[in-house]
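# Task: produce atomic coordinates for the following.
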Amino acid sequence: MQEISPEKLSEQLRTGDGKPLVLDIRHREDFEEWHIPGSINVDVYDELTDNPEQAKGPLSDLPREEAIVTVCAAGVVSETATEALRELDYDAVTLTDGMNGWSRVHRHAEVSADLDGTLIQVARPGKGCLSHVLVSDGEAAVFDPSHYLDEYDAILDEHDADLVGVFDTHAHADHVSGAAELAGRHGVPYYLHPKDALAIDATPVEDGQTLTVGSLDIAVIHTPGHSEGSVSFDIDGTALITGDTLFHESVGRVELGVEAGIEDSDVEQNAATLYESLQRLLNGPDDAVVLPAHDPGSPEPPVTATLAEVKERNTDLGRDRDEFVEELASDIPDHPPNFERVKRTNVGRESVPTDELAELELGPNNCAAE
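Numbering: from 1, shown residues only. Below is the predicted model:
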């Protein structure tokens, strides 16, 4: 069977070199919820499962001048689609592991920031996740890593840097953190605020604390609301890693911890707390680079904006306290898939077998309030 790896497809889509037509054969509702940007949907999933010959009619309307990559959830039914297309004389291959494989893709690029060191953003386009690696004077720190640890070890090797600490801005609800495992692999501290480290072994960080990586200071700002233990990290007054507290065009949701059963607060209280946290961040330098943990699209790193730009673009920041609380507490978007299990895993209250992690994370990123 002809296949293409998620990494190779990602590179073709990014550079436009040999860019194929990406054909998603899942049900329309699954496609609309989460898909590879630029892909098209021909819903022949049932036909391919029951009688592949019936799928050939709709598939034969596809343009013949382009190579085609077929996609489904796990790369199984799309193999049948590829076979049908090749019988129709199309140049078709299957995306290995389907959307499951796409969710594993990582890309990285350097962030432009006036630092005595290097700041690398690692984007996971299939999940909308952003993590960061800070390097200074041969030392490195990793913020909000995924559980695909080889991506980060490769960056450390590339910059010949020794890892000295791994940080989570909070206990994530959309993906399983790799921070504790990465820290254990290198024998360094895993930093997490105690309000989110409910049943996990982590080195606590507190508001006002300063840590050092190489010649750079990292100031801890406790910014609860999205979660009780959410923190932001101010790197030398130049870069602000905001987790899910502040996005470029939205703010963090306030109900996930409550609905996952790990917070005693209520949604309105969390919204009011988040409002106060945001005011602290907005007092920072206008030229500070804001680096959230997620981007709602399929991010191509580096995804950056100055604090001044965020103030202009982010309508949530223009609301007064009462309006802000009412809006966040009443307008609840779709939840991230499996968020209860993911959240409980990241606070240490549930253990997910390694072979189940990829499936647990499948689906769109829905951690922003809107």
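# Touching, P125 and P296? I think so.
No: judged on C-beta atoms under 8 Å, P125 makes no contact with P296 at a distance of 11.5 Å. In this view, the C-beta of every residue, glycine as well, is placed from N, C-alpha and C.
# which one of these two has more residues nearby?
Comparing P125 with P296 by other C-beta atoms under 10 Å, the one with more neighbours is P125, at 23 against 16.
# Look at the residue nearest to the more buried one when sequence neighbours are not counted and report its pLDDT.
Nearest non-adjacent residue to P125, counting by C-beta to C-beta, 6 or more residues apart in numbering: S298, 4.1 Å away. On pLDDT, S298 comes in at 77.
# What distance do you get for S298 to L13?
For S298, the distance to L13 equals 9 Å [C-beta to C-beta, to the nearest Å].
# Kindly report the same for K195.
Remark: distance between K195 and L13 (C-beta to C-beta) = 39 Å.
# Same check on A288?
32 Å.
# Report the strands that pair with the strand or helix carrying S232, each with its relative direction.
With elements taken from DSSP states H and E, the one containing S232 is strand 231-235. When pairing is defined by DSSP bridges, strand 231-235 lines up against strand 216-222 (antiparallel), strand 239-243 (antiparallel).
# pLDDT (mean, whole number) over the shortest one?
With pLDDT averaged residue by residue, strand 239-243 scores 98.
# and what of the first one?
Taken as a whole, strand 216-222 has a mean pLDDT of 98.
# Which positions within that strand qualify as buried?
Buried residues in strand 216-222, defined by neighbour count with 16 or more other C-beta atoms under 10 Å: 216, 218-222.
# same deal with stretch 86-102?
90, 92-102.
# Could you do stretch 142-154 as well?
Residues 142-149, 151-152 are the ones in stretch 142-154 that count as buried (16+ other C-beta under 10 Å).
# what separates that stretch from the chain centre, distance-wise?
Distance of stretch 142-154 from the chain centroid (C-alpha atoms, centre = their mean, to the nearest Å) equals 12 Å.
# quick one: contacts of it?
Stretch 142-154 is contacted by residues 104, 106, 108, 122, 124, 127, 129-134, 163, 165-169, 172, 175-179, 181-182, 185, 233, 241, 243, 293, 357 when judged by C-beta atoms under 8 Å, 6 or more residues apart in numbering.
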